[in-house]
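A.B. asks: need the 3D shape of this:
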Amino acid sequence: MGIRKPLGRTRDATHSALWVSPGISGRGGISTLIYDMQSTALWKDWNVRHVGTHCDGSASRRVARFALALPTIAYELLAHRPEVVHIHLSARGSFARKSIVSWMCYALGVPVVLQVHGSNFDEFFDESPTWVQFLIRRTLERANVVIGLGQTWAARILHMAPSAHVATITSAVRPNRPVQQPSSGPINCIFLGEIGERKGTFVLLQAWQKLIDGFDVQATLTIAGNGDIRRARDLSAELKVESTVQILSWLSSVEVGELIESSHVLVLPSRNEGTPRAVLEAMANGLCVVASDVGGIPELVGDAGILIKPDDVEGLCRALNSVLTDHHRRSDLGGRAFSRVKDNFDLDSTSRRFDALYRDVLKMPAS
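C.D. replies: This next block holds a predicted model:
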């Protein structure tokens, strides 16, 4: 049920690892990361096997998926005895599921790497009752290594679990061919992610109205994702920007790739973030990025984009106007973004970092 054998598996593989995460067919950045990692040397060199514990759909469907996954994980631990188990977790239900798996591994003495995803994991910790905070802290501190997606998240993990052994490994993508930034309009802007307050979708629509009404720009905006699609469409109609705004539901990875390759600017004015994959995918295609100065975004973008404060309608409008009307600036930022991905966030480089981390874990004394 969802066990994924390694690509190019060989019988004489000297290492073995088990990955536990959402299924690769699910929505979201974790599923995409798992899918992409299967094409790297790590998957073959470590004879990686994968069990998906989560799926999209109703609560009952998600519970059933985990109920089926749990005995599969137990079998993997007992029959194949992986050298390391790499568990991907986020807040709330994900933590509840993955903490069970983590403690199964701890009980059997199997080394564990926990990778914390999700922009609201620290909020989940702060809002939890004392006994849940204790469980979160002990689960993180008991792991051999906890991976934070950048220095910001490493610091947040240490705040929650001061004795945790934290390593920093960022998200990663494969660089693509940079898009051609046109010298004149129309310029295509995109927003990718959950449509709602946290990602700043409605702030974006308000800023877009000010942009279209107040400046001489030729541009379109495509908003694509799950979430409060109806509210976004209603607000677009209320602001009278439907002629330049298209609001779509969730797209497949292929459709997302096609949309990015036909666009020039990614805008993500979030209130809170982890390390959004949409930003990396845009940078990997040479798009100019305009995003909020929150979470792990500054570590991803650096000086290769424009960072704004969240909920700043006027600031977002000015930032968009500056890149939409200045071809040289937009091209420069897009080029720097592409180079930054190649230098810092390449998928193969990240797979080598995982490999080195696993080897370090095997050298750790048994606890």
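A.B. asks: give the buried residues for stretch 204-219.
C.D. replies: Across stretch 204-219, burial judged by 16 or more other C-beta atoms under 10 Å covers 204-212, 217, 219. The C-beta positions use only the backbone N, C-alpha and C, and glycine is treated the same way.
A.B. asks: now it, how far from the centre of its chain.
C.D. replies: 28 Å (C-alpha atoms, centre = their mean, to the nearest Å).
A.B. asks: just the CA trace of that stretch, in CSV.
C.D. replies: Presented in CSV, the C-alpha positions along stretch 204-219 are these (Å, rounded to 0.1, in the frame of the first residue of the first chain):
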residue,chain,number,x,y,z
LEU,A,204,-2.5,41.0,-3.6
LEU,A,205,-5.9,41.7,-5.2
GLN,A,206,-6.2,45.0,-3.5
ALA,A,207,-2.7,46.0,-4.5
TRP,A,208,-3.5,44.9,-8.1
GLN,A,209,-6.5,47.2,-8.3
LYS,A,210,-4.3,50.1,-7.2
LEU,A,211,-1.7,49.1,-9.7
ILE,A,212,-4.1,48.9,-12.7
ASP,A,213,-6.0,52.0,-11.7
GLY,A,214,-3.0,54.2,-10.8
PHE,A,215,-0.2,53.3,-13.1
ASP,A,216,0.4,52.7,-16.8
VAL,A,217,1.2,49.0,-16.8
GLN,A,218,0.4,46.2,-19.2
ALA,A,219,0.2,43.1,-17.1
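A.B. asks: quote the end-to-end distance of stretch 227-243.
C.D. replies: 22 Å (C-alpha to C-alpha, to the nearest Å).
A.B. asks: and the contacts of it?
C.D. replies: Residues outside stretch 227-243 that contact it (C-beta atoms under 8 Å, 6 or more residues apart in numbering) are 194-196, 199, 201-202, 205-206, 208-209, 212, 221, 223, 245, 247, 249.
A.B. asks: mind checking which of those residues land in helices?
C.D. replies: Assigned to helices by DSSP state H, the following of these qualify: 201-202, 205-206, 208-209, 212.
A.B. asks: now those in JSON lines, with distance to residue 356 and pLDDT?
C.D. replies: JSON lines is the format used below for those (distance: C-beta to C-beta, whole Å; pLDDT from 0 to 100):
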{"residue": "201", "distance to residue 356": "39", "pLDDT": "98"}
{"residue": "202", "distance to residue 356": "43", "pLDDT": "98"}
{"residue": "205", "distance to residue 356": "44", "pLDDT": "98"}
{"residue": "206", "distance to residue 356": "46", "pLDDT": "98"}
{"residue": "208", "distance to residue 356": "44", "pLDDT": "98"}
{"residue": "209", "distance to residue 356": "49", "pLDDT": "98"}
{"residue": "212", "distance to residue 356": "49", "pLDDT": "96"}
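A.B. asks: going by distance to residue 319, which of those residues wins?
C.D. replies: Proximity of the ones in helices among the contacts of stretch 227-243 to residue 319 (C-beta to C-beta) peaks at residue 208, which lies at 11.9 Å.
A.B. asks: let me see the ranges of the strands in the protein.
C.D. replies: Secondary structure of the chain, counting by DSSP state E: strands at 17-21, 49-52, 84-89, 112-116, 145-148, 166-168, 187-192, 219-224, 245-248, 265-268, 288-292, 306-308.
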